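Colleague: I'll drop the sequence and a predicted model, then ask my questions.
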Amino acid sequence: MAQMLQQAERSARLPVGTASEEFERFLGFGIHEPMDTDELVLAAQHLARATGATVYDALYIATAEALTYDVVTLDEELVRQMADHPVTMHLLSELDLS
């Protein structure tokens with residue numbers, strides 16, 4: 001749901017800045033599985049909008065932040081997108097795994 005709304009916002013089917021509001025409305029319907037992930041999804045939507053990342057990728061970043069973990073990825077574009085974000089990112093290809 002969050003990714004669909006974000007795509008609709010990016011393609012101008014929704015006004016800029018309304019994907020998160022629409023997702024909050026969806027949460028209010030009470031039809032989703034009650035989990036403690038709602039705030040993570042909302043944080044991911046905001047992060048996706050700010051950085052150009054997908055909500056899917058931003059959810060990993062938001063989860064890592066909530067758990068105070070570093071992120072290890074093969075995705076160089078994601079590392080570039082998060083350059084100004086205060087999460088520690090590592091490219092797997094640059095880690096010494098020996």
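Modeller: Sure, I can see it.
Colleague: C-alpha from now on. contacts and neighbour counts both.
Modeller: Will do.
Colleague: find the nearest non-adjacent residue to the spatially most central residue of the chain, please.
Modeller: Among the residues of the chain, the one closest to the centroid is residue 58, at 2.0 Å (Cα atoms, centre = their mean). Excluding the flanking residues, the one nearest residue 58 by Cα to Cα, 6 or more residues apart in numbering is residue 44, at 4.8 Å.
Colleague: which ones are touching that neighbour?
Modeller: With contact taken as Cα atoms under 8 Å, 6 or more residues apart in numbering, residue 44 is in contact with 55, 56, 58, 59, 61, 62.
Colleague: how much space between it and residue 89?
Modeller: 16 Å (Cα to Cα, to the nearest Å).
Colleague: try residue 70
Modeller: For residue 70 relative to residue 89 (Cα to Cα), the value is 6 Å.
Colleague: who has more neighbours out of those two?
Modeller: The residue with more neighbours, out of residue 70 and residue 89, is residue 89; 20 against 13, by other Cα atoms under 10 Å.
Colleague: surely that one and residue 72 touch.
Modeller: Yes: in this structure, residue 89 is within contact of residue 72 by Cα atoms under 8 Å, at 6.0 Å.
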